[in-house]
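Q: the amino acid sequence is not available; the structure is as follows:
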DNA sequence: GCATTGACGAAGG
DNA sequence: CCCTTCGCCAATG
């Protein structure tokens, strides 16, 4: 994979558990996130599950923390928690940025959560493989 | 190097 | 049904 964008906040350091692996967990997460179809959403747990670390959904969230540093941009707004809630909206440029992006794609957001989340849910395991 | 935290999630009370 | 605890793993203090 390409090198990750240089960051001043997180330096250029990318968490890599095993150097023998050419990818980092971050990049994998971003990779999956970019494949989320427009107008669809998924959850941190689903991505974690796809990466084989479903018990580490928190790491996905952590990875998304650096999503804003990724290039091309990662549609982090399409990634919500298992409840369909925009748990990460506060990490966007503005508190309303995430919702705006989602509504722009035709996703209805109500009270900080995606309506019809279950219907719009996009499971990488089901859609990409398996 | 231990303790706390976190864009999560499942299980238990 | 709401709240607490625990697990997961990496970063941060």
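A: The structure has been received and is ready for your questions. Fair warning: this is a prediction, and the values are worked out from it, not measured in the lab. Numbers count the residues shown, from 1 in each chain, chains lettered A, B, ... in the order given.

Q: only C-alpha atoms for contact and neighbour calcs from this point on.
A: Fine.

Q: for the helix or strand hosting residue A:32, packing partners?
A: In this assignment (DSSP states H and E), residue A:32 forms part of helix A:25-34. Using 3 or more Cα pairs under 8 Å, 6 or more residues apart in numbering; DSSP states H and E, the elements in contact with helix A:25-34 are helix A:44-50, helix A:57-65.

Q: any stretches of chain A with poor pLDDT?
A: A:1-23 (pLDDT under 70).

Q: show me where it has helices.
A: Under the criterion DSSP state H, helices of chain A are mapped to A:25-34, A:44-50, A:57-65, A:97-104, A:117-120, A:124-127.

Q: turn these into CSV, including mean neighbour count.
A: Listed next are the helices of chain A as CSV, based on neighbours: other Cα atoms under 10 Å:
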stretch, mean neighbour count
helix A:25-34, 20
helix A:44-50, 23
helix A:57-65, 20
helix A:97-104, 18
helix A:117-120, 14
helix A:124-127, 14
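
Q: distance to residue A:78 added to those, as TSV?
A: Shown next, in TSV, are these (distance: least, Cα to Cα, whole Å):
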stretch	distance to residue A:78
helix A:25-34	8
helix A:44-50	10
helix A:57-65	11
helix A:97-104	7
helix A:117-120	10
helix A:124-127	13
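
Q: flag every buried residue along stretch A:71-78.
A: A:74, A:75, A:76, A:77, A:78 (16 or more other Cα atoms under 10 Å).
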